[in-house]
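1. The following comprises the amino acid sequence and a computationally predicted model.
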Amino acid sequence: MPATTNKQRLLATFLSTLKKAYGELGDPPPVRPVLEEMVYAILREDATRPDADRAFARVQSQFYDWNEVRVSAAHEVEEALAGLPEPAQKAQRIIDLLQEVFESTYSFDLESLHKKGVKQAAKQIGRYQATSDYTVAWVTQRTLGGHALPLDEPSLRVSRWIGLIEPNEDNVETARASLEHLVSKAQGPMFVDYLSQLARDAARKNWSDEAPPTLEDLLAGGEGKSRSRPKPR
């Protein structure tokens with residue numbers, strides 16, 4: 001119980017501190033159809049919300065519809081994803097996803113998933129080869145109405161550093177289960193957006209798992225330093 005209480009306090013500090021540091025991260029995200037949210041999740045993994053928003057808007061403006069994206073060359077889609085990590089890989093995943101959906105439904109309409117219930121819908125989304133654990137959790141949280149926290153590698157690393165999960169925890173499923181007990185469903189979207197923003201800034205600094213920074217370190221700026229201090233508990 002004391003450990004849980006400490007993490008709850010840490011979470012409250014995390015959210016209030018990040019809100020002061022970054023301010024509001026924009027208007028509430030739009031309610032997207034399931035397929036569009038799956039595409040957006042591919043863009044959003046390892047990226048911040050502003051960067052993913054810009055890339056998604058470019059894809060929608062540069063291509064007539066999802067079928068045009070599906071039949072386009074990967075390098076053409078990649079051009080719209082400038083500013084995202086691994087744009088070539090993300091472009092190919094989007095094309096592959098659209099191809100999978102089209103071959104299975106002869107359309108790009110996955111709204112029938114809402115009738116299956118959260119667990120069954122998430123399971124079906126996970127069957128697409130182009131999706132990932134992050135994609136399933138993202139769509140579950142943002143579109144299906146379930147409680148799931150999408151964690152990419154940068155977010156997982158920062159969560160360990162600041163003590164929200166155990167220092168040696170690198171299993172995504174275990175980490176998510178732990179955080180989902182800590183972060184409420186209502187806090188979930190805000191938590192994920194702030195965590196990815198902090199992870200993006202942390203990636204620009206020379207921090208390491210051997211000398212993990214505190215939340216204050218991450219927000220203070222400057223390069224990481226090799227120093228000895230206990231890892232967060």
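-> It's in. Keep in mind it's a predicted model, so treat the numbers as computed, not measured.

2. For the protein, which segments count as helices?
-> Residue ranges of the helices in the chain, as given by DSSP state H, are 2-22, 34-44, 49-62, 66-71, 74-80, 87-105, 118-127, 133-142, 153-161, 172-182, 188-202, 215-220.

3. Make TSV out of these and add mean pLDDT and mean neighbour count.
-> C-beta: built from backbone N, CA, C; applies to glycine. Compiled in TSV, these are given as follows (pLDDT from 0 to 100; neighbours: other CB atoms under 10 Å):
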stretch	mean pLDDT	mean neighbour count
helix 2-22	86	14
helix 34-44	98	24
helix 49-62	96	17
helix 66-71	98	16
helix 74-80	97	18
helix 87-105	97	18
helix 118-127	96	16
helix 133-142	96	24
helix 153-161	92	21
helix 172-182	92	16
helix 188-202	92	21
helix 215-220	82	16
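
4. Nearest to D209, out of those?
-> Between D209 and the helices of the chain, the tightest spacing by CB to CB is seen for helix 153-161, at 7.4 Å.

5. do you know which of the helices of the chain lies nearest P28?
-> Nearest of the helices of the chain to P28, taken as CB to CB: helix 188-202 at 8.3 Å.

6. on that earlier part again, just send the helices of the chain back as CSV, with distance to P28 too.
-> Shown next, in CSV, are these (distance: least, CB to CB, whole Å):
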stretch, distance to P28
helix 2-22, 15
helix 34-44, 14
helix 49-62, 11
helix 66-71, 24
helix 74-80, 24
helix 87-105, 24
helix 118-127, 21
helix 133-142, 11
helix 153-161, 20
helix 172-182, 21
helix 188-202, 8
helix 215-220, 25
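
7. Compare the ones you listed and give me the one nearest S208.
-> Proximity to S208 (CB to CB) singles out helix 153-161 among the helices of the chain, at 9.7 Å.

8. okay, the angle between the closest one and helix 2-22?
-> Note on geometry: by axes from the mean of the first three to the mean of the last three CA atoms, to 10 degrees, helix 153-161 and helix 2-22 are set 120 degrees apart in direction.

9. gap between R93 and G163?
-> Per CB to CB, to the nearest Å, R93 is found 32 Å from G163.

10. How about V31?
-> 34 Å.

11. got the domain boundaries for the chain?
-> Following the assignment in automatic domain parsing, the chain carries domains at 2-25+150-220, 34-142.

12. out of V31 and G163, which sits in the busier spot?
-> Neighbours were counted for V31 and for G163 using other CB atoms under 10 Å; G163 has more, 20 against 9.

13. Which phi and psi values does the more buried one adopt?
-> phi 90, psi 10 (degrees, to the nearest 10).

14. From what I see, it and L11 are in contact.
-> No. Taking CB atoms under 8 Å as the definition, G163 is not a contact partner of L11, at 9.9 Å.

15. what sits against L182?
-> L182 sits next to 4, 7-8, 11, 164 when contact means CB atoms under 8 Å, 6 or more residues apart in numbering.

16. In JSON lines, list those along with distance to S178.
-> Shown next, in JSON lines, are the contacts of L182 (distance: CB to CB, whole Å):
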{"residue": "T4", "distance to S178": "10"}
{"residue": "K7", "distance to S178": "9"}
{"residue": "Q8", "distance to S178": "12"}
{"residue": "L11", "distance to S178": "12"}
{"residue": "L164", "distance to S178": "8"}
